[in-house]
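[1] output the structure for:
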Amino acid sequence: MRFLGLRIYDARLWVGPEFDAQTFGQHRFALELIYHRAFTAKAIAQRSVQEIERQRSLDEKMANRWTSDLARWLPDVEPGDKLTGLYLPGQGMQLWRGEQSLGTINDPELALCFFGIWLSPQTSEPGLRSGLLAGLARAVP
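    Alright, predicted model coming up:
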């Protein structure tokens with residue numbers, strides 16, 4: 001992922017053999033991001049909700065709640081940090097920084113929308129989505 005020519009992060013998608021991009025929300029998968037820039041959890045949460053709002057409309061209350069939830073859950077990142085999110089259909093998501101578990105969000109709707117940032121056809125980065133789907137790492141997460 002690049003923004004104005006600056007490298008932001010590298011991304012890799014891990015899926016099982018049944019994965020179908022058109023119905024990504026029905027499948028368990030993992031998304032790995034390796035950051036090349038430093039960001040605060042608050043900045044990542046705010047940007048995540050902005051990206052979610054590109055996929056669907058959120059009322060102000062929901063947008064504020066999701067921003068707050070994500071800011072509490074996501075860590076500040078530094079260059080070289082690896083975050084891996086595991087999507088659990090109908091349940092939510094889990095997050096790791098390297099080998100350290102950062103916890104679980106038990107909100108299926110937020111989880112689906114969060115991973116939709118990368119996998120939804122309405123993503124703001126269709127080239128990144130195409131790259132993730134073209135280079136699928138086929139493994140059961």
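[2] show me the helices in this protein, by range?
    For the chain, the helices defined by DSSP state H occupy 41-55, 60-73, 108-119, 126-134.
[3] what's the nearest residue to the spatially most central residue of the chain if we skip its chain neighbours?
    Nearest residue to the geometric centre of the chain (CA atoms, centre = their mean): residue 115, 4.2 Å. The shortest distance from residue 115 to any residue other than its chain neighbours is 5.0 Å, reached at residue 87 (CB to CB, 6 or more residues apart in numbering). (Each C-beta comes from the backbone N, C-alpha and C, glycine too.)
[4] check residue 89 too.
    With sequence-adjacent residues excluded and distances taken as CB to CB, 6+ apart, residue 89 is closest to residue 26, at 5.6 Å.
[5] how much space between that neighbour and residue 124?
    23 Å (CB to CB, to the nearest Å).
[6] just residue 32 next, same as before
    Distance from residue 32 to residue 124, by CB to CB: 20 Å.
[7] pLDDT weak spots in the protein?
    1-6, 135-141 (pLDDT under 70).
[8] what residues are up against the closest residue in space to residue 46 that isn't next to it in sequence?
    Spatial nearest neighbour of residue 46, excluding adjacent residues (CB to CB, 6+ apart): residue 67 at 5.8 Å. Counting by CB atoms under 8 Å, 6 or more residues apart in numbering, residue 67 makes contact with 45, 46, 48, 49.
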